[in-house]
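Colleague: What follows is a protein structure lacking sequence information:
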């Protein structure tokens with residue numbers, strides 16, 4: 001009888017622990033979705049130029065959400081790009097947007113490197129990589145697609161120089177929002193990396 005009671009108690013404890021772990025996993029995943037929705041919403045609100053949580057939200061989603069759901073932030077951000085370009089700014093939809101969509105996917109992929117190890121220096125390094133890659137690819141795409149600059153090396157240099165003021169804000173926003181998002185995630189679950197690995 002005693003052994004049976006001990007077994008029942010142990011089973012209850014294991015189930016309770018598993019339920020708690022599942023709840024923590026769900027909270028981490030829900031945060032990833034919440035940050036992406038926030039990033040999309042900020043794009044439609046007044047904000048300093050190039051100071052948005054887009055890269056940070058993608059990094060967090062890549063680090064914490066299941067990989068098979070990576071299409072969700074890609075679809076939301078691509079849809080917001082189309083709405084902003086066509087209906088808010090009134091610009092034509094051009095090939096440089098394809099470069100932006102590819103960058104979204106690349107940042108999600110970079111976030112995967114934070115899945116098992118999300119120490120502050122690693123987060124900062126990945127955030128800087130996101131800012132640098134966006135600066136390089138987006139300005140190259142503008143130079144290649146639009147007729148704003150001569151199609152020469154000096155014209156390409158002009159495009160990058162013109163993008164420097166935005167680059168400063170990109171670095172600041174990526175570092176700031178990444179620190180905030182990953183800190184919130186750590187507060188929600190002190191075992192966020194393990195939870196994310198189980199979710200994947």
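Modeller: Good, I have the coordinates. Every value quoted in this text rests on a predicted model; they were computed, and no experiment measured them. Numbering: from 1, shown residues only.
Colleague: Could you list the low-confidence segments of the chain?
Modeller: Along the chain, the parts satisfying pLDDT under 70 run over 1-25, 190-200.
Colleague: Return the distance of residue 123 relative to residue 182.
Modeller: To residue 182, residue 123 is 5 Å away according to CB to CB, to the nearest Å. Placement of C-beta: from N, CA and C, glycine included.
Colleague: between the two, what contacts are shared?
Modeller: Common neighbours of residue 123 and residue 182, counting by CB atoms under 8 Å, 6 or more residues apart in numbering, are residue 114.
Colleague: for the chain, which residue is closest to the average position?
Modeller: residue 58 (1.1 Å; CA atoms, centre = their mean).
Colleague: Now that one: which helix or strand?
Modeller: helix 54-64 (DSSP states H and E).
Colleague: next structured bit after that helix?
Modeller: Toward the C-terminus from helix 54-64 - assigned by DSSP H and E - lies helix 71-83.
Colleague: Show residues contacting that next one.
Modeller: 33, 36-37, 39-40, 43-44, 54, 57-58, 61, 93, 97, 100-101, 104-105, 108.
Colleague: before we move on, the earlier item: and the residue nearest to the centre of the chain, how far is that from residue 150?
Modeller: Distance, residue 58 to residue 150, using CB to CB: 33 Å.
Colleague: Repeat that for residue 91.
Modeller: 21 Å.
Colleague: Also residue 162?
Modeller: From residue 162 to residue 150 the distance is 13 Å (CB to CB).
Colleague: so who does residue 114 touch?
Modeller: Going by CB under 8 Å, 6+ apart, the list of residues near residue 114 reads 59, 62, 63, 122, 123, 126, 182.
Colleague: So for the first one, what's the nearest residue that isn't a sequence neighbour?
Modeller: In this case it means residue 59. Excluding its sequence neighbours, the residue lying closest to residue 59 (CB to CB, 6 or more residues apart in numbering) is residue 111, at 4.1 Å.
Colleague: Now do the buried residues in the helix or strand harbouring that neighbour.
Modeller: Using DSSP H and E, residue 111 sits in helix 96-111. Using 16 or more other CB atoms under 10 Å as the test for burial, helix 96-111 gives 96, 97, 99, 100, 103, 104, 106, 107, 108, 110, 111.
Colleague: so the residue nearest to the third one when sequence neighbours are not counted, which of the three states?
Modeller: Pointing back at residue 99 there. Setting aside the residues directly before and after it, residue 99 is nearest to residue 141 in space (CB to CB, 6+ apart), at 4.1 Å. Secondary structure assignment for residue 141 (DSSP: H, G, I helix; E, B strand; the rest coil): helix.
Colleague: ok, residue 141 to residue 69 distance?
Modeller: For residue 141, the distance to residue 69 - CB to CB - is 27 Å.
Colleague: higher neighbour count, those two?
Modeller: Under the neighbour definition other CB atoms under 10 Å, residue 141 and residue 69 were set side by side, and residue 141 has more, 20 against 14.
Colleague: Identify the residues contacting the more buried one.
Modeller: Residues near residue 141 by CB under 8 Å, 6+ apart: 95, 96, 99, 100.
Colleague: Next one: it from residue 36, what distance?
Modeller: Applying CB to CB, the value for residue 141 to residue 36 is 23 Å.
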